[in-house]
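> this one's structure only:
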């Protein structure tokens, strides 16, 4: 096929990778109409981690955000990228079902289903729950590099994903670890197995190779590519939609996205980045170290902040080096949320303490107990696992066990019998005081204006970037100098 379709991830992965999920609903609303009319195959707008960010840090209702995006758009399918609903352990099937019913009611039509271990049992649970609500599941086969993650491994995982009869499958590369050579090895095998099931490519630019992998994948027969709009592209994010469209058209492919209509969206987010001092994604140089530590780009900034808080920011290179050993000790989990955070946090603790596993995080203990999946008893370094599980805290955490509960039982446990479904779900995920604070702010969404700036807004923008100690603004009949 000569026609290539694009999925836009600006409002989800671009914003998550570069802006730490700090984009407000008001920042999204002025451009959602343009984005909806541009000709994308789908718009990815949410991951479960956004729910916590919206409520706790932005005091916004995440479900209202979805409804508003759907109401102001509505032409292009809206999509969620979702691992587990509960990042603290095993999914409660009843809560997954509730989550997807709510998502479908707000206008979500598709989901990319993930599991940190590429476990088909977890794929089945999560995809099945979405399907029951009428949300089309796309199964992420997450790419990684280790002695375990061989070509045969990915062939087997593709077969297991296809048995579940998903809407699509997706080769997901959150760490930007794919190379053109590896793309040429895996994609033909996956396409041959997939037959009539479409294959998407989702690759980041952490090593600078994302755009090259896109070209290789398209040449091999992939017809659906995930992209982002600058300044929320490149860097730790996904390839720029402008770069991808330009390259594909030069190579003779048809792309029906109206890229000229995306320039105002780019300008909108550039102005927000300038005013709010948010990062601007730029193409990065090739970095061989990324293939060794495999810590995702967005997580490196969190790791740096973690070390900075204890006055050890200079130890970041040591922490990244230590992450290599911790990952090996943990049995080579894929460096994706939440497992990458567990590896990185334990590596930071090891570096700060000056001795491995002298102090272990609760997440490391629960990982070793198997609370986050995987065959840890077989895959973990046995000496490390024994040391972790011999800690007093491990004895305490080992007494907690998963018990599948009904919705009524969960409501009773949370004293949430009188709450709406949406507030009940929030109560399951969040602290009560954060929900109350969010509700107290009301439902009004103030649009973030970037066109027709007032004089005060212009001065604020100039002040944030001015290198000297004076600002001069002039136009016909008007002069203003501030020092």
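The structure has been received and is ready for your questions. Note that this is a predicted model, so its numbers are computed, not measured.

> Might you report the residue contacts of the closest residue to residue 104 other than its chain neighbours?
Leaving aside its chain neighbours, residue 104 sits nearest to residue 133 (4.3 Å; criterion: CB to CB, 6 or more residues apart in numbering). Every residue, glycine included, has its C-beta placed from N, CA and C. Residues in contact with residue 133, defined by CB atoms under 8 Å, 6 or more residues apart in numbering, are 97, 100-101, 103-104.

> Same check on residue 191?
So residue 191 contacts 199, 220-222 (CB under 8 Å, 6+ apart).

> Now do the helix or strand harbouring it: distance to the chain's middle.
Taking DSSP states H and E as the criterion, residue 191 maps to helix 180-194. Centroid separation for helix 180-194 versus its chain: 24 Å, with CA atoms, centre = their mean, to the nearest Å.

> which outside residues touch whichever helix or strand comes after it?
Next helix or strand after helix 180-194 toward the C-terminus (DSSP H and E): strand 199-203. Strand 199-203 has contacts (CB under 8 Å, 6+ apart) with 7, 9, 13, 112, 138, 140, 168-174, 176, 178, 187, 190-191, 210, 213-214, 217, 222, 224-226, 238-239.

> picking up where we left off before, from the contacts of residue 191, which ones fall inside strands?
residue 199 (DSSP state E).

> Pick out the most distant pair among the contacts of residue 191.
The two members of those with the most space between them (CB to CB) are 199 and 220, at 9.7 Å.

> quick one: residue 394 and residue 369 touch, right?
Yes - if you go by CB atoms under 8 Å, residue 394 and residue 369 touch, sitting 7.2 Å apart.

> domain assignment for the chain?
3-276, 290-397, 452-483 (automatic domain parsing).

> can you pull out the strands in the stretch 351-483 of the chain?
471-475, 478-482 (DSSP state E, counting those that start in this stretch).

> hmm, I was thinking of the stretch 101-250 of the chain
108-113, 136-142, 168-173, 199-203, 224-227.

> Figure out which of those strands is closest to residue 446.
From the strands of the stretch 101-250 of the chain, taking CB to CB, the stretch that ends up closest is strand 108-113, at 24.0 Å.

> Just want the phi and psi numbers for the residue nearest to residue 296 when sequence neighbours are not counted.
Closest residue to residue 296 apart from its sequence neighbours, by CB to CB, 6+ apart: residue 175 at 5.3 Å. With angles defined as degrees, to the nearest 10, residue 175 sits at phi -90, psi 0.

> which residues touch residue 175?
Per CB under 8 Å, 6+ apart, neighbours of residue 175: 143-144, 204, 206, 290, 294-296, 335-336.

> which pair in these spans the largest distance?
143 and 295, at 15.1 Å, using CB to CB across the contacts of residue 175.

> Tell me where the model's unsure across this structure.
Along the chain, segments meeting pLDDT under 70 span 1, 84-90, 297-298, 301-302, 452-479, 482-483.

> coming back round to it: just the buried members of the contacts of residue 191?
199, 220, 222 (16 or more other CB atoms under 10 Å).

> Show the contacting residues for the second one.
This points to residue 220. 183-184, 187-188, 191.

> just curious, which of these is nearest to residue 389?
Using CB to CB, the contacts of residue 220 come closest to residue 389 at residue 183, 39.7 Å.

> what about that closest one, how many neighbours?
25 (other CB atoms under 10 Å).

> Surely it and residue 215 touch.
No - Residue 183 is beyond contact range of residue 215, at 9.1 Å (criterion: CB under 8 Å).

> which helices and strands does the helix or strand where residue 65 lies pack with?
Per DSSP H and E, residue 65 falls inside helix 62-72. Applying 3 or more CB pairs under 8 Å, 6 or more residues apart in numbering; DSSP states H and E, we find helix 62-72 packed against helix 25-37, strand 42-46, strand 78-82, helix 93-106.

> hmm, who's touching the second one?
By that I understand strand 42-46. In contact with strand 42-46 (CB under 8 Å, 6+ apart) are residues 7-9, 11-13, 28, 35-36, 62, 65-66, 69, 73, 76-81, 103, 108-110, 112, 226.
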